[in-house]
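>>> model the structure of this input:
(one chain, ligands or ions: 1)
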Amino acid sequence: MSQRLCGQRVLITGASRGIGRAIALAFAREGANLALLATKREALDELVQSTPLKDANCTLLQVDVRDRQACFEAVREIEQGLGGIDVLVNNAGIHRSGAFLDHSPDDFQALLDVNLFGVVHLMQAVLPGMKDRAKGSIINMASTAGKWGSRNQSAYNVSKHALVGLTRCVALEVAASGVRVNAICPGFVQTDMVEDLKRGYAQVAGVDIEGIIQATLSRIPIGRILDPEEIAHMAVLLASDESKAITGQSILVDGGMLLV
Ligand code: NAP
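Numbers count the residues shown, from 1 in each chain. Presented below is the predicted three-dimensional model:
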(Lines give C-alpha, C1' and ligand atoms only; values in the text may rest on other atoms or scores of the structure.)
Protein backbone atom coordinates (compact mmCIF):
# COMPACT_ATOMS: atom_id res chain seq x y z
CA MET A 1 0.00 0.00 0.00
CA SER A 2 1.48 3.35 -1.05
CA GLN A 3 -0.38 5.59 1.45
CA ARG A 4 -0.28 8.50 -1.01
CA LEU A 5 -3.08 10.26 0.93
CA CYS A 6 -1.85 9.46 4.43
CA GLY A 7 -3.58 11.78 6.93
CA GLN A 8 -5.40 13.77 4.24
CA ARG A 9 -8.88 14.91 5.34
CA VAL A 10 -11.29 14.23 2.49
CA LEU A 11 -14.98 14.98 1.91
CA ILE A 12 -16.61 12.85 -0.80
CA THR A 13 -20.20 13.51 -1.94
CA GLY A 14 -22.35 10.79 -3.46
CA ALA A 15 -20.14 8.30 -1.65
CA SER A 16 -22.78 5.64 -1.02
CA ARG A 17 -22.78 4.02 -4.47
CA GLY A 18 -21.05 3.75 -7.83
CA ILE A 19 -18.07 5.97 -8.53
CA GLY A 20 -18.20 7.73 -5.15
CA ARG A 21 -18.09 4.39 -3.34
CA ALA A 22 -15.04 3.31 -5.38
CA ILE A 23 -13.32 6.62 -4.60
CA ALA A 24 -14.02 6.20 -0.87
CA LEU A 25 -12.50 2.70 -0.89
CA ALA A 26 -9.45 3.80 -2.92
CA PHE A 27 -8.84 6.84 -0.70
CA ALA A 28 -9.12 4.70 2.45
CA ARG A 29 -6.50 2.30 1.01
CA GLU A 30 -4.23 5.33 0.53
CA GLY A 31 -4.57 6.32 4.19
CA ALA A 32 -7.07 9.22 4.01
CA ASN A 33 -9.49 10.24 6.78
CA LEU A 34 -12.92 10.29 5.18
CA ALA A 35 -16.15 12.22 5.50
CA LEU A 36 -18.74 10.49 3.30
CA LEU A 37 -21.93 12.25 2.24
CA ALA A 38 -25.15 11.10 0.55
CA THR A 39 -28.88 11.62 0.96
CA LYS A 40 -29.55 8.09 2.25
CA ARG A 41 -27.95 7.41 5.63
CA GLU A 42 -28.71 3.65 5.54
CA ALA A 43 -26.71 3.24 2.33
CA LEU A 44 -23.70 4.95 3.94
CA ASP A 45 -24.03 2.76 7.08
CA GLU A 46 -24.24 -0.34 4.89
CA LEU A 47 -21.17 0.71 2.89
CA VAL A 48 -19.05 1.18 5.99
CA GLN A 49 -20.26 -2.02 7.65
CA SER A 50 -19.76 -4.24 4.59
CA THR A 51 -16.35 -3.08 3.36
CA PRO A 52 -12.81 -2.43 4.67
CA LEU A 53 -14.08 1.10 5.47
CA LYS A 54 -15.17 -0.29 8.84
CA ASP A 55 -11.49 -0.11 9.87
CA ALA A 56 -11.03 3.41 8.46
CA ASN A 57 -11.68 6.74 10.16
CA CYS A 58 -15.04 7.70 8.55
CA THR A 59 -17.54 10.44 9.35
CA LEU A 60 -20.95 9.84 7.75
CA LEU A 61 -23.22 12.73 6.74
CA GLN A 62 -26.80 12.56 5.49
CA VAL A 63 -26.98 15.74 3.42
CA ASP A 64 -28.75 16.74 0.22
CA VAL A 65 -26.24 18.86 -1.73
CA ARG A 66 -29.12 21.04 -3.00
CA ASP A 67 -29.48 22.36 0.57
CA ARG A 68 -26.92 25.19 0.81
CA GLN A 69 -27.26 25.65 4.56
CA ALA A 70 -26.88 21.91 5.19
CA CYS A 71 -23.71 21.90 3.02
CA PHE A 72 -22.17 24.72 5.07
CA GLU A 73 -23.16 23.00 8.35
CA ALA A 74 -21.65 19.71 7.16
CA VAL A 75 -18.37 21.41 6.28
CA ARG A 76 -18.29 23.18 9.67
CA GLU A 77 -18.90 19.85 11.44
CA ILE A 78 -16.10 18.11 9.52
CA GLU A 79 -13.67 20.99 10.03
CA GLN A 80 -14.37 20.92 13.78
CA GLY A 81 -14.01 17.13 13.93
CA LEU A 82 -11.00 16.66 11.66
CA GLY A 83 -9.38 20.12 11.94
CA GLY A 84 -9.87 20.96 8.27
CA ILE A 85 -10.61 19.59 4.81
CA ASP A 86 -7.69 19.00 2.40
CA VAL A 87 -9.61 17.38 -0.45
CA LEU A 88 -13.20 17.83 -1.65
CA VAL A 89 -14.59 15.36 -4.18
CA ASN A 90 -17.84 16.72 -5.66
CA ASN A 91 -19.10 13.45 -7.06
CA ALA A 92 -22.87 13.49 -6.27
CA GLY A 93 -24.87 13.76 -9.46
CA ILE A 94 -28.08 12.81 -11.21
CA HIS A 95 -29.00 12.05 -14.83
CA ARG A 96 -32.21 12.51 -16.78
CA SER A 97 -32.90 11.29 -20.34
CA GLY A 98 -35.24 13.08 -22.71
CA ALA A 99 -35.45 14.78 -26.08
CA PHE A 100 -34.88 18.54 -25.84
CA LEU A 101 -38.46 19.29 -26.92
CA ASP A 102 -39.75 17.07 -24.11
CA HIS A 103 -37.50 18.52 -21.40
CA SER A 104 -39.33 21.02 -19.17
CA PRO A 105 -37.63 23.97 -17.47
CA ASP A 106 -38.02 21.89 -14.29
CA ASP A 107 -35.83 19.16 -15.83
CA PHE A 108 -33.05 21.70 -16.45
CA GLN A 109 -33.48 23.16 -12.96
CA ALA A 110 -33.40 19.72 -11.29
CA LEU A 111 -30.14 18.79 -13.04
CA LEU A 112 -28.54 22.17 -12.30
CA ASP A 113 -29.64 22.08 -8.64
CA VAL A 114 -27.64 18.90 -7.96
CA ASN A 115 -24.91 18.81 -10.62
CA LEU A 116 -23.99 22.51 -10.55
CA PHE A 117 -25.36 24.30 -7.48
CA GLY A 118 -24.50 21.42 -5.12
CA VAL A 119 -20.89 21.91 -6.24
CA VAL A 120 -21.12 25.70 -5.90
CA HIS A 121 -22.37 25.37 -2.29
CA LEU A 122 -19.64 22.96 -1.22
CA MET A 123 -16.80 24.77 -2.99
CA GLN A 124 -17.87 28.04 -1.34
CA ALA A 125 -18.04 26.26 2.03
CA VAL A 126 -14.57 24.64 1.89
CA LEU A 127 -12.53 27.25 0.01
CA PRO A 128 -12.07 29.79 2.86
CA GLY A 129 -10.46 27.07 5.04
CA MET A 130 -8.33 25.72 2.18
CA LYS A 131 -7.12 29.23 1.30
CA ASP A 132 -6.26 29.98 4.97
CA ARG A 133 -4.18 26.79 5.11
CA ALA A 134 -2.77 27.48 1.60
CA LYS A 135 -3.51 23.88 0.65
CA GLY A 136 -6.32 22.01 -1.03
CA SER A 137 -7.47 19.93 -3.97
CA ILE A 138 -11.02 20.04 -5.29
CA ILE A 139 -12.13 17.34 -7.73
CA ASN A 140 -15.41 17.82 -9.60
CA MET A 141 -17.02 14.82 -11.28
CA ALA A 142 -18.04 16.13 -14.71
CA SER A 143 -18.47 13.81 -17.71
CA THR A 144 -17.68 13.38 -21.38
CA ALA A 145 -21.14 15.03 -21.53
CA GLY A 146 -19.36 18.19 -20.33
CA LYS A 147 -17.14 18.16 -23.42
CA TRP A 148 -19.43 17.35 -26.35
CA GLY A 149 -23.05 17.14 -27.46
CA SER A 150 -25.24 14.09 -26.95
CA ARG A 151 -28.73 13.27 -28.12
CA ASN A 152 -31.55 12.99 -25.60
CA GLN A 153 -29.83 14.37 -22.52
CA SER A 154 -29.46 18.11 -23.16
CA ALA A 155 -30.22 19.10 -19.54
CA TYR A 156 -27.55 16.70 -18.25
CA ASN A 157 -24.98 17.91 -20.79
CA VAL A 158 -25.71 21.53 -19.91
CA SER A 159 -25.11 20.80 -16.21
CA LYS A 160 -21.79 19.07 -16.95
CA HIS A 161 -20.62 21.77 -19.42
CA ALA A 162 -21.36 24.28 -16.65
CA LEU A 163 -19.28 22.24 -14.22
CA VAL A 164 -16.31 22.16 -16.61
CA GLY A 165 -16.55 25.96 -16.99
CA LEU A 166 -16.89 26.49 -13.24
CA THR A 167 -13.83 24.30 -12.64
CA ARG A 168 -11.72 26.44 -14.98
CA CYS A 169 -12.86 29.76 -13.49
CA VAL A 170 -12.47 28.81 -9.82
CA ALA A 171 -9.10 27.16 -10.50
CA LEU A 172 -7.87 30.44 -11.96
CA GLU A 173 -9.15 32.49 -9.02
CA VAL A 174 -7.56 30.32 -6.31
CA ALA A 175 -4.39 29.05 -8.02
CA ALA A 176 -2.08 31.55 -6.30
CA SER A 177 -3.45 30.58 -2.88
CA GLY A 178 -2.21 26.97 -3.16
CA VAL A 179 -5.59 25.40 -3.93
CA ARG A 180 -6.13 23.31 -7.06
CA VAL A 181 -9.45 22.63 -8.80
CA ASN A 182 -9.84 19.95 -11.48
CA ALA A 183 -12.59 17.87 -13.03
CA ILE A 184 -12.73 14.25 -14.14
CA CYS A 185 -14.77 13.50 -17.26
CA PRO A 186 -15.71 9.80 -17.23
CA GLY A 187 -17.19 8.00 -20.21
CA PHE A 188 -19.60 5.14 -19.51
CA VAL A 189 -18.98 3.61 -16.08
CA GLN A 190 -20.78 0.54 -14.73
CA THR A 191 -23.04 2.00 -12.00
CA ASP A 192 -26.75 2.39 -11.21
CA MET A 193 -26.69 5.63 -13.22
CA VAL A 194 -25.53 3.95 -16.41
CA GLU A 195 -28.23 1.28 -16.02
CA ASP A 196 -30.88 4.04 -15.67
CA LEU A 197 -29.35 5.82 -18.64
CA LYS A 198 -29.62 2.71 -20.85
CA ARG A 199 -33.28 2.24 -19.87
CA GLY A 200 -34.00 5.95 -20.42
CA TYR A 201 -32.31 6.01 -23.85
CA ALA A 202 -34.09 2.85 -24.94
CA GLN A 203 -37.42 4.43 -24.02
CA VAL A 204 -36.74 7.79 -25.68
CA ALA A 205 -35.25 6.23 -28.84
CA GLY A 206 -37.90 3.47 -28.98
CA VAL A 207 -35.35 0.63 -29.18
CA ASP A 208 -34.59 -2.34 -26.94
CA ILE A 209 -31.92 -2.33 -24.22
CA GLU A 210 -29.69 -4.77 -26.17
CA GLY A 211 -29.63 -2.32 -29.08
CA ILE A 212 -28.59 0.46 -26.73
CA ILE A 213 -25.82 -1.70 -25.21
CA GLN A 214 -24.40 -2.51 -28.64
CA ALA A 215 -24.61 1.14 -29.75
CA THR A 216 -22.87 2.21 -26.54
CA LEU A 217 -20.05 -0.33 -26.86
CA SER A 218 -19.48 0.60 -30.50
CA ARG A 219 -18.65 4.15 -29.33
CA ILE A 220 -15.90 3.04 -26.93
CA PRO A 221 -12.57 2.25 -28.66
CA ILE A 222 -11.35 0.01 -25.81
CA GLY A 223 -14.57 -1.97 -26.27
CA ARG A 224 -15.97 -2.03 -22.74
CA ILE A 225 -17.81 -0.03 -20.12
CA LEU A 226 -15.40 1.26 -17.45
CA ASP A 227 -15.11 0.04 -13.89
CA PRO A 228 -15.71 2.67 -11.14
CA GLU A 229 -12.23 1.85 -9.78
CA GLU A 230 -10.71 3.22 -12.99
CA ILE A 231 -12.20 6.63 -12.18
CA ALA A 232 -11.04 6.33 -8.57
CA HIS A 233 -7.42 5.94 -9.73
CA MET A 234 -7.61 9.37 -11.39
CA ALA A 235 -9.21 10.86 -8.27
CA VAL A 236 -6.31 9.55 -6.13
CA LEU A 237 -3.82 11.16 -8.51
CA LEU A 238 -5.63 14.52 -8.49
CA ALA A 239 -5.89 14.45 -4.69
CA SER A 240 -2.21 13.67 -4.18
CA ASP A 241 0.86 15.91 -4.45
CA GLU A 242 1.90 13.96 -7.56
CA SER A 243 -0.50 16.26 -9.46
CA LYS A 244 0.52 19.50 -7.76
CA ALA A 245 1.25 21.18 -11.11
CA ILE A 246 -2.20 20.32 -12.49
CA THR A 247 -5.10 22.74 -12.05
CA GLY A 248 -8.12 23.91 -14.05
CA GLN A 249 -8.14 20.70 -16.11
CA SER A 250 -11.08 18.50 -17.08
CA ILE A 251 -9.47 15.12 -17.62
CA LEU A 252 -11.09 12.46 -19.78
CA VAL A 253 -11.20 8.91 -18.45
CA ASP A 254 -13.33 7.48 -21.23
CA GLY A 255 -11.66 4.50 -22.92
CA GLY A 256 -10.97 6.71 -25.95
CA MET A 257 -14.60 7.72 -26.55
CA LEU A 258 -13.85 11.27 -27.60
CA LEU A 259 -11.35 10.07 -30.24
CA VAL A 260 -14.17 8.98 -32.54
P1 NAP B 1 -24.96 6.73 -9.02
O2 NAP B 1 -24.54 5.32 -9.00
O3 NAP B 1 -26.35 7.08 -9.43
O4 NAP B 1 -24.66 7.38 -7.57
C5 NAP B 1 -24.98 8.72 -7.35
C6 NAP B 1 -24.52 9.13 -5.98
O7 NAP B 1 -24.86 10.52 -5.81
C8 NAP B 1 -25.21 8.36 -4.86
O9 NAP B 1 -24.31 8.16 -3.81
C10 NAP B 1 -26.31 9.32 -4.43
O11 NAP B 1 -26.64 9.13 -3.06
C12 NAP B 1 -25.64 10.67 -4.63
N13 NAP B 1 -26.57 11.78 -4.79
C14 NAP B 1 -27.48 11.97 -5.79
N15 NAP B 1 -28.17 13.10 -5.57
C16 NAP B 1 -27.69 13.64 -4.41
C17 NAP B 1 -28.00 14.80 -3.67
N18 NAP B 1 -28.96 15.64 -4.05
N19 NAP B 1 -27.30 15.05 -2.54
C20 NAP B 1 -26.32 14.20 -2.12
N21 NAP B 1 -26.00 13.08 -2.77
C22 NAP B 1 -26.68 12.80 -3.92
O23 NAP B 1 -24.02 7.61 -9.97
P24 NAP B 1 -22.54 7.34 -10.55
O25 NAP B 1 -22.67 6.69 -11.86
O26 NAP B 1 -21.68 6.74 -9.51
O27 NAP B 1 -22.11 8.85 -10.85
C28 NAP B 1 -21.31 9.62 -9.97
C29 NAP B 1 -20.92 10.91 -10.68
O30 NAP B 1 -20.23 10.60 -11.89
C31 NAP B 1 -22.12 11.76 -11.09
O32 NAP B 1 -21.81 13.13 -10.93
C33 NAP B 1 -22.29 11.44 -12.56
O34 NAP B 1 -22.94 12.47 -13.27
C35 NAP B 1 -20.86 11.24 -12.99
N36 NAP B 1 -20.69 10.42 -14.18
C37 NAP B 1 -21.13 9.12 -14.22
C38 NAP B 1 -20.95 8.37 -15.38
C39 NAP B 1 -21.39 6.93 -15.50
O40 NAP B 1 -21.30 6.38 -16.60
N41 NAP B 1 -21.82 6.27 -14.44
C42 NAP B 1 -20.33 8.96 -16.49
C43 NAP B 1 -19.91 10.27 -16.42
C44 NAP B 1 -20.08 11.00 -15.25
P45 NAP B 1 -28.16 8.90 -2.56
O46 NAP B 1 -28.65 7.69 -3.29
O47 NAP B 1 -28.07 8.73 -1.10
O48 NAP B 1 -28.88 10.16 -2.96
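>>> show me the beta-bridge partners of Val253.
Pro186 (DSSP bridges).
>>> correct me if wrong: it contacts Ile231.
Yes: in this structure Val253 lies within contact range of Ile231 using CB atoms under 8 Å: 5.6 Å. To be clear about C-beta, it is placed using only N, CA and C from the backbone, and glycine gets the same treatment.
>>> give me the number of residues near the residue in the stretch 51-200 of the chain that the ligand sits nearest to?
Distances between the stretch 51-200 of the chain and the ligand by CB to the nearest ligand atom are smallest at Gly93, namely 2.1 Å. Gly93: 26 surrounding residues under other CB atoms under 10 Å.
>>> shouldn't it be within a strand?
No: the assignment for Gly93, made by DSSP: H, G, I helix; E, B strand; the rest coil, is coil rather than a strand.
>>> that one: what's it in contact with?
Contacts for Gly93 (CB atoms under 8 Å, 6 or more residues apart in numbering) come out as 14, 114-115, 141, 159, 193.
>>> what would those look like in CSV with distance to the ligand?
Below are the contacts of Gly93 laid out as CSV (distance: CB to the nearest ligand atom, whole Å):
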residue, distance to the ligand
Gly14, 3
Val114, 5
Asn115, 6
Met141, 4
Ser159, 8
Met193, 3
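>>> in contact with Val179, which residues?
Val179 touches 127, 130-131, 134-138, counting by CB under 8 Å, 6+ apart.
>>> who wins on neighbours among those?
Ile138 (28 neighbours).
>>> from Val158, how far out is it?
To Val158, Ile138 is 21 Å away according to CB to CB, to the nearest Å.
>>> how about the strand or helix carrying Gln214: buried residues?
Secondary structure assignment for Gln214, by DSSP states H and E: helix 209-218. Residues 212, 216 are the ones in helix 209-218 that count as buried (16 or more other CB atoms under 10 Å).
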